[in-house]
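Q: All I have is the shape, not the residue letters:
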């Protein structure tokens, strides 16, 4: 039976990329007009200078090996910004103790520059742990504070997360750690380098989604009907979600350039001609995959438990039971996706509300329309994963786990009715 399930899953996995070829063949999102409008700014010297500085900064990233850890001992001078409307820099001169690198244990003077931007400025105080970078200027070495040290706390919380998984989950927790590591490996080691190398974001994302889904569900659930039905439901729901977002995005001219980070990709030193519409598709797939996987596995597990309690239950009733479970999950999980996307837009929505922007203007903005389509497409994929999983679990049960005895509809309260055991 396991061999047949493997063949079925393999065939279904091959079908997904072929189906996704429709999206690839449809071409990329047209952004030529936007790029032409962007190029018109070349007439302005000021814009050219800013672009040159941006390209130069991106082409010469700081060497991570030069970044060291330090602790602030004393603030010697500065640290008080003048007026809020001032555009002049303020500089803190501080004494620090190096905690890593060749100068570990030594006390040095460091410079911390403030630019008047509350989003990036931070004033250091004695006792703060910071990251510093040494810069060679005119033959002299200057030490600059570049950021608070935060990674140690992140590693501590990560360690707590892993310990709780193992303590409460046992073997399942260890399997979960493995699947998380595998997912991160594919995202960081395959997806990001692949996109930078110029590969199709649509095909690359679909293939990685298949790999993540199959490995995660088989590792956690084992090779059985439950896992097979969950994989079919998850991949089907996620693919439909991505295709809806892709085609609708083309129709309403979503450029994929709704964020500053996306626009900065046009200036990276690798000079990759990104398909920004494809990147939007990739983001939607990755954003919806986790929630849809949760829904698919929950329904498949619930149906498997029902089958184990009553092996004689008819397929139709088993499917209906899975759909009923899915209805309860659907409401909360759809809210999860919507709230996650809306939460990231709260500052933007507050800005629009403060300036009393008309709703028709807000809903048609690129940044808002992008997030709305992202949330709705993900929710549609989540909803469709419910019937796909339920029907798959029922049909696969008939194929690989036939009923052992005829089903007798009887009420447990009726003593005159007996059920075969």
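A: In hand now; what should we look at? Quantities reported herein were computed from a predicted structural model and do not represent experimental measurements.

Q: For burial, what's the neighbour tally of residue 74?
A: Residue 74: 12 surrounding residues under other CB atoms under 10 Å. Where C-beta positions appear, they are placed from N, C-alpha and C, glycine not excepted.

Q: Next: residue 372.
A: Applying other CB under 10 Å, I find that residue 372 has 16 neighbouring residues.

Q: my guess is it contacts residue 365, does it?
A: No. Contact criterion CB atoms under 8 Å: residue 372 and residue 365 do not qualify, at 10.0 Å.

Q: Please enumerate the helices of the stretch 251-400 of the chain.
A: Using DSSP state H, counting those that start in this stretch, the helices found in the stretch 251-400 of the chain span residues 260-264, 276-309, 315-344, 346-354, 359-363, 366-400.

Q: Could you tell me which residues within the fifth one count as buried?
A: Of the residues in helix 359-363, none count as buried by neighbour count, 16 or more other CB atoms under 10 Å.

Q: What lies in contact with that helix?
A: For helix 359-363, contacts defined as CB atoms under 8 Å, 6 or more residues apart in numbering pick out 352, 368-369, 372.

Q: Take those and write them to CSV, including pLDDT.
A: Output for these, formatted as CSV (pLDDT from 0 to 100):
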residue, pLDDT
352, 81
368, 83
369, 84
372, 84
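
Q: can you put these in TSV and add distance to residue 285?
A: As requested, the contacts of helix 359-363 are exported to TSV (distance: CB to CB, whole Å):
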residue	distance to residue 285
352	28
368	21
369	18
372	17
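
Q: pLDDT below threshold where in the stretch 301-421 of the chain?
A: Along the stretch 301-421 of the chain, the model assigns pLDDT under 70 to residues 401-421.

Q: shaky segments in this protein?
A: Residue ranges of the chain with pLDDT under 70: 1-65, 78-89, 116-119, 138-139, 256-263, 269-271, 401-421.

Q: Give me the longest strand you can find in it.
A: In the chain, taking DSSP state E as the definition, the longest strand is strand 67-77.

Q: What is that strand packed up against?
A: strand 90-98, strand 107-114, strand 129-137 (3 or more CB pairs under 8 Å, 6 or more residues apart in numbering; DSSP states H and E).

Q: Kindly recompute the last result at 6 Å.
A: Counting contacts by 3 or more CB pairs under 6 Å, 6 or more residues apart in numbering; DSSP states H and E, strand 67-77 is packed against strand 90-98, strand 129-137.

Q: Tell me the buried residues in it?
A: 68-70, 72, 75.

Q: Please apply the same query to stretch 302-319.
A: 302-304, 306-307, 313, 315, 318-319.

Q: Let me know the closest of those to residue 251.
A: Nearest to residue 251 out of the buried residues of stretch 302-319 is residue 319 (CB to CB; 34.4 Å).

Q: Compute the number of surrounding residues for residue 391.
A: Residue 391 has 17 neighbouring residues, counting by other CB under 10 Å.

Q: related to what we said a few turns ago, possible to save the helices of the stretch 251-400 of the chain as JSON lines with distance to residue 207?
A: Listed next are the helices of the stretch 251-400 of the chain as JSON lines, based on distance: least, CB to CB, whole Å:
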{"stretch": "helix 260-264", "distance to residue 207": "22"}
{"stretch": "helix 276-309", "distance to residue 207": "11"}
{"stretch": "helix 315-344", "distance to residue 207": "23"}
{"stretch": "helix 346-354", "distance to residue 207": "33"}
{"stretch": "helix 359-363", "distance to residue 207": "34"}
{"stretch": "helix 366-400", "distance to residue 207": "17"}
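
Q: Please name whichever of those is nearest to residue 225.
A: Per CB to CB, nearest to residue 225 of these: helix 366-400, 4.6 Å.

Q: following the helix or strand containing residue 194, which helix or strand shows up next?
A: Using DSSP states H and E, residue 194 sits in helix 192-196. As assigned by DSSP H and E, the chain's next helix or strand after helix 192-196 is helix 201-221.

Q: now that following helix: how far from the chain's centre is it?
A: 14 Å (CA atoms, centre = their mean, to the nearest Å).

Q: list the helices and strands that helix packs on?
A: On the basis of 3+ CB pairs under 6 Å, 6+ apart, helix 201-221 makes packing contacts with helix 2-25, helix 171-186, helix 225-251, helix 276-309.

Q: Report the angle between it and helix 225-251.
A: 160 degrees (axes from the mean of the first three to the mean of the last three CA atoms, to 10 degrees).

Q: Could I get the buried residue list for helix 201-221?
A: In helix 201-221, counting by 16+ other CB under 10 Å, buried: 201-210, 212-214, 216-221.

Q: Go ahead and flag the most central residue of the protein.
A: Nearest residue to the geometric centre of the chain (CA atoms, centre = their mean): residue 287, 4.6 Å.

Q: Ignoring the adjacent residues along the chain, who's closest to that residue?
A: In this structure, residue 287 finds its nearest non-sequential neighbour in residue 378, 6.0 Å apart by CB to CB, 6 or more residues apart in numbering.

Q: repeat for residue 72
A: With sequence-adjacent residues excluded and distances taken as CB to CB, 6+ apart, residue 72 is closest to residue 128, at 4.5 Å.

Q: Quick check: the one you found touching residue 73?
A: No. Counting by CB atoms under 6 Å, residue 128 stays clear of residue 73, with 9.9 Å between them.

Q: okay, the buried residues of stretch 302-319 in a markdown table with distance to residue 137 next?
A: Output for the buried residues of stretch 302-319, formatted as a markdown table (distance: CB to CB, whole Å):
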| residue | distance to residue 137 |
| --- | --- |
| 302 | 65 |
| 303 | 67 |
| 304 | 66 |
| 306 | 71 |
| 307 | 72 |
| 313 | 77 |
| 315 | 75 |
| 318 | 73 |
| 319 | 71 |
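
Q: Among those residues, which pair sits farthest apart?
A: Greatest spacing in the buried residues of stretch 302-319, by CB to CB: 302 and 315 (15.4 Å).

Q: Which residue ranges make up the domains of this protein?
A: 2-38+198-400, 68-149 (automatic domain parsing).
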